[in-house]
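In: need coordinates for the following:
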Amino acid sequence: MIEVGKKAPDFTLPNQDNKKVKLSDFSGKNVVLYFYPKDNTSGCTTEACNFRDSFPKLSNLDAVVIGISPDSVESHKKFAEKYDLPFILLADTDKKVVEKYGVWKEKSMYGKKYMGVERTTYIIGKDGTVKKVFEKVKVPNHHNEVIEALKEQ
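Out: Prediction:
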């Protein structure tokens, strides 16, 4: 995990339109960087739709929303179109960014262990430092927690 107060590591990944996006492109804005396991799964869809529905409030707080998962550009494109997502989804297919941010972890389901993304959100301030980290995110009210944290910036 990247600690609060530390500089958020820069990275470049392709978005759902296969255009390269760098974290540092958003210098001077608040960034809601949320890591999620998989497109088109129930929890991830709910989380994305909650961010979509909160997008005007987030924009008013001078924040951009960026979702990252190991899914492909094509998967992200279909996911964004299906749910009319107004924000950036980045494809980390080689898992370098999820590892760099400490969210690629051993998980367990029905007694089976596997590697996957632990749902985590970083709030990165306008100066590029990590302002807040939400670990093991519980989806239902998360978007409101993010909005409250941004208001404290």
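
In: give me the number of residues near the residue lying closest to Gly125 once chain neighbours are set aside?
Out: Nearest non-adjacent residue to Gly125, counting by C-beta to C-beta, 6 or more residues apart in numbering: Lys131, 4.6 Å away. For every residue, glycine as well, the C-beta is placed using N, CA and C. The tally of other residues near Lys131 (other C-beta atoms under 10 Å) stands at 19.

In: again, but for Gln16
Out: So Gln16, with other C-beta under 10 Å, has 25 neighbours.

In: over to Thr46?
Out: 14.

In: check which helix or strand covers it.
Out: Applying DSSP states H and E as the criterion places Thr46 in helix 42-53.

In: buried sites along the following helix or strand past that helix?
Out: Downstream of helix 42-53, the first helix or strand assigned by DSSP H and E is helix 55-60. Residues of helix 55-60 classed as buried: Phe55, Leu58 (neighbour count, 16 or more other C-beta atoms under 10 Å).

In: output the contacting helices and strands for helix 55-60.
Out: helix 142-151 (3 or more C-beta pairs under 8 Å, 6 or more residues apart in numbering; DSSP states H and E).

In: starting at the chain centroid, how far to the helix it packs on?
Out: 14 Å (C-alpha atoms, centre = their mean, to the nearest Å).

In: go through it and flag the buried ones.
Out: Those would be His142, His143, Val146, Ile147, Ala149, Leu150, for helix 142-151 by 16+ other C-beta under 10 Å.

In: for the fourth one, what are its contacts?
Out: Okay, so that is Ile147. With contact taken as C-beta atoms under 8 Å, 6 or more residues apart in numbering, Ile147 is in contact with Ser54, Lys57, Leu58, Leu61.
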